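In: A structural model of the following input is requested.
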Amino acid sequence: QVQLVEAGGGLVQAGGSLRLSCAASGRTFSTYAMGWFRQATGKEREFVAAITRSGDIKYYADYVKGRFTISRDNAKNTVYLQMNSLKPEDTAVYYCAAHTRSSNLYYTREYEYDNWGQGTQVTVSS
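Out: Down below sits the predicted model:
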């Protein structure tokens, strides 16, 4: 079982930026594909961004493309989500997730991930 701990959430004004981080336990982080999802109050959890285990391929949901950047540092067992030009509709609990079955791919569906963090709240005020 991999433990994932998110940090970096908070309250920010529209147009502002936040950087989320997700630290993973274990010694095989570099073999995991990673992803970020979010869930707004009263809504289904939705995909935000994904990255392959090496970090060479990244994929974004259309609604964050050009504003959010996913990255990872395998030496630090950490994946990041840089969020710029934040909008009130970005308000949600943000979760990181790990696909721990060794693969060179990225994943966009919840069922493809087998470990989840506890989430961090991001609130964007207008």
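
In: Name the residues of stretch 72-83 that come out as buried.
Out: 72, 74, 77, 78, 79, 80, 81, 82, 83 (16 or more other C-beta atoms under 10 Å). Glycine gets a C-beta too; all of them are placed from N, C-alpha and C.

In: List of residues touching it?
Out: With contacts defined as C-beta atoms under 8 Å, 6 or more residues apart in numbering, stretch 72-83 is touched by 17-26, 29-30, 34, 36, 48-49, 51, 53, 55, 64, 67-71, 90, 94, 96, 122.

In: if I look at the closest residue to residue 60 other than its chain neighbours, how far off is residue 106?
Out: Ranked by C-beta to C-beta, 6 or more residues apart in numbering and with sequence neighbours excluded, the top spatial neighbour of residue 60 is residue 49, at 4.9 Å. Distance of residue 49 to residue 106, given as C-beta to C-beta, to the nearest Å: 9 Å.
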